[in-house]
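Chemist: Task: produce atomic coordinates for the following.
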Amino acid sequence: MEPLIIAAGAKTPYISLKPESGAIEIKGKSIPENSVEFYQPVLSWLDQYAEKPLTKTSVTVHLEYFNTSSSKCLLDIFRRLEKVHNATNEVTVLWLFEEDDEDMQEAGDDYQSIVKIPFTIKPVE
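Modeler: Numbers count the residues shown, from 1 in each chain. Predicted coordinates for the structure are as follows:
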């Protein structure tokens with residue numbers, strides 16, 4: 001399985017999916033014109049990864065901002081990871097937010113309450 005790296009754009013986040021280490025990173029802004037289309041390769045990659053995941057998968061999310069349609073796509077990502085976690089594999093999410101950004105902190109709290117994956121929600125300077 002190949003890694004998937006998507007460079008950050010003006011309206012899209014940097015995304016790194018590395019099957020050899022089980023490391024997943026999403027960073028930046030997520031306000032693409034078509035979120036479903038933008039995130040489709042990520043969701044397809046996760047479907048493939050879920051067939052033979054590593055015993056430990058670590059996810060780091062550090063978004064400055066995301067729009068409503070991106071929030072649905074992020075939930076889709078977390079739901080796929082929840083299936084990996086439920087299959088007796090360890091999945092952890094590190095949700096980073098700027099320390100004065102209460103909206104991003106609340107978004108992390110919301111995702112944590114929806115999916116059954118261990119979240120660490122941590123402010124950064």
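Chemist: looking at this structure, which residue lies furthest from center?
Modeler: Note on the chain: the largest C-alpha distance from the chain mean falls to residue 100, namely 21.2 Å (Cα atoms, centre = their mean).
Chemist: mind checking the SS state of that one?
Modeler: coil (DSSP: H, G, I helix; E, B strand; the rest coil).
Chemist: Could you check how far it is from residue 49?
Modeler: 34 Å (Cβ to Cβ, to the nearest Å). For every residue, glycine as well, the C-beta is placed using N, CA and C.
Chemist: what does residue 102 give?
Modeler: Using Cβ to Cβ, residue 102 is found at 33 Å from residue 49.
Chemist: Pick out whichever of these two has more residues nearby.
Modeler: residue 49 (21 against 10; other Cβ atoms under 10 Å).
Chemist: So what's the residue count around the nearest residue to that one once chain neighbours are set aside?
Modeler: Of all residues beyond its chain neighbours, the one nearest residue 49 is residue 19 (5.9 Å), with distances taken as Cβ to Cβ, 6 or more residues apart in numbering. If you count neighbours by other Cβ under 10 Å, residue 19 ends up with 18.
Chemist: cool, residue 101 as well?
Modeler: 15.
Chemist: For the protein, just list every one of the strands.
Modeler: 4-6, 14-18, 23-30, 56-66, 90-98, 119-124 (DSSP state E).
Chemist: Columns mean neighbour count and distance to residue 43 on top of the ones you listed, output as JSON lines?
Modeler: Output for the strands of the chain, formatted as JSON lines (neighbours: other Cβ atoms under 10 Å; distance: least, Cβ to Cβ, whole Å):
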{"stretch": "strand 4-6", "mean neighbour count": "15", "distance to residue 43": "11"}
{"stretch": "strand 14-18", "mean neighbour count": "19", "distance to residue 43": "11"}
{"stretch": "strand 23-30", "mean neighbour count": "20", "distance to residue 43": "12"}
{"stretch": "strand 56-66", "mean neighbour count": "18", "distance to residue 43": "14"}
{"stretch": "strand 90-98", "mean neighbour count": "19", "distance to residue 43": "16"}
{"stretch": "strand 119-124", "mean neighbour count": "14", "distance to residue 43": "20"}
